[in-house]
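*Asks:* Got a predicted structure here, sequence first:
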Amino acid sequence: MNDKIALYLVNGALGAGKTTLVDFLVQQPEFAGARVVENEFASESVDSCTLAQRVDEVATIAGECICCSSGEELVDILHNFAISGKAPVLIESTGVANTLRVVEKLLVGDIFEQYDLKQSLYVVDGVETKADGLAETLLTEARAADVVLVSKLDLLAEKDRQQLIETLLQQGLTNVVNMDHGKFDLAQLGDKSQILDYLLLHEPAENAAENALNYSVVDVSGLAISAEKIEKIWTNLRSKYALRRMKGAVADGDEILHIEATPQQIRVTRGAIDESLKLVVIGERARDITRAVIMKGLG
């Protein structure tokens, strides 16, 4: 029996109707007792007071984008929610957040040990979206989502509505749903998000791997790993375990190093002091990589 907490991700362009969508969802029986994590780019939240009247708990992360921060605050909030109850949790990102980066931070924080990622929802502004469809940056977000909800269609002429939907479908979006002032048919929601699979298969290279990929999150706290050593580890692991990507943070003395590695390149930059010392590895045999494997590679 799955006793994990249902988790939903909500993203979309600024002003598209994300909060209106969340407000609708938390009033539905399926979301009884829901908790909400609201991310505001501004230093203060203007919507949390309204949502607080409808949900049991609202936690606000203000003044930064959760996909650009270390992710510690988001992970701490979700761990606290897990302690306080089993009701569903919704994460509403800022209009500039990258959902795939948010999912990566949830992976690093071991959130999926306690939570079941049900659906990722992306809200498209029907009025602001141009006739030629979504811009490439927004399109990447929409393609990763399980459901694409189009708002404000009632403000468009019938011909323009049909043209917009056809354009979105031509751009490769499959589950496109009309959202009327935050409302839509909940039957459009699936029971299991595909965004994690999308993340595992998403590769900057032109040709993604055809074989099934998996991932592992490895705790590297307490290990001294220099930039030279991480390059050596990546080279060896990539070949032996057919890895496609490695991301995370390691400690080299008092310095934190942020790692991003693909088959094409490895980037090592100065990391934030509060970053979790963990590595996320993705590849055909990534699940076989443990802390012991990393330690052996340091020898």
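*Replies:* Yep, that arrived.
*Asks:* quick one: low-confidence parts of this protein?
*Replies:* Applying pLDDT under 70 to the chain flags the ranges 1, 41-53, 68-71, 202-212.
*Asks:* what are the pairing partners of the helix or strand hosting Leu149, and which direction each?
*Replies:* Element membership for Leu149 (DSSP states H and E) is strand 147-151. The strands beside strand 147-151 in its sheet (DSSP bridges) come out as strand 115-125 (parallel), strand 176-178 (parallel).
*Asks:* So which residues lie in contact with it, not counting its own?
*Replies:* Applying Cβ atoms under 8 Å, 6 or more residues apart in numbering, the external contacts of strand 147-151 come out as 12, 16-17, 20-21, 119-126, 142, 164-165, 168, 173, 175-179, 181-182, 184, 188-190. C-betas here are computed from N, CA, C, even on glycine.
*Asks:* now these: which count as buried?
*Replies:* Among the contacts of strand 147-151, those buried by neighbour count (16 or more other Cβ atoms under 10 Å) are 12, 16-17, 20-21, 119-126, 142, 164-165, 168, 173, 175-176, 178-179, 182, 184, 188-189.
*Asks:* Run through the residues that contact Thr99.
*Replies:* 9, 11, 67, 93, 120, 122, 141, 144-145, 195.
*Asks:* Out of the residues you listed, flag the one nearest to Leu223.
*Replies:* Among these, Cys67 lies closest to Leu223 (Cβ to Cβ), at 26.3 Å.
*Asks:* can you give me the helices in this structure?
*Replies:* Taking DSSP state H, the helices of the chain run over residues 18-25, 48-52, 72-84, 99-108, 136-144, 158-170, 195-201, 227-241, 291-298.
*Asks:* and the fifth one, how far from the chain's centre?
*Replies:* Spelled out, that is helix 136-144. Taking Cα atoms, centre = their mean, to the nearest Å, one finds helix 136-144 lying 12 Å from the centre of the chain it belongs to.
*Asks:* Pull the residues that contact it.
*Replies:* Contact partners of helix 136-144, identified using Cβ under 8 Å, 6+ apart, comprise 11, 13, 98-100, 120, 122, 124, 133-134, 148, 168, 171-173, 195, 198-199, 202.
*Asks:* One more pass at 10 Å, please.
*Replies:* By Cβ atoms under 10 Å, 6 or more residues apart in numbering, the list of residues contacting helix 136-144 from outside reads 9, 11-13, 16, 93, 95-100, 103, 120, 122-125, 129, 133-134, 148, 168, 171-174, 176, 193-195, 198-199, 202.
*Asks:* can you tell which of the strands paired with strand 147-151 is closest to Val26?
*Replies:* Comparing the strands paired with strand 147-151 against Val26 with Cβ to Cβ, the closest turns out to be strand 115-125 (13.3 Å).
*Asks:* Helix 18-25 and the closest one, what's the angle between them?
*Replies:* 130 degrees (axes from the mean of the first three to the mean of the last three Cα atoms, to 10 degrees).
*Asks:* how close does Ala145 sit to Phe24?
*Replies:* According to Cβ to Cβ, to the nearest Å, Ala145 and Phe24 sit 17 Å apart.
*Asks:* Neighbour count: the two, which is higher?
*Replies:* Ala145 (25 against 19; other Cβ atoms under 10 Å).
*Asks:* quick one: the more buried one and Leu189 touch, right?
*Replies:* No - Ala145 lies out of contact with Leu189 (Cβ atoms under 10 Å); the separation is 11.7 Å.
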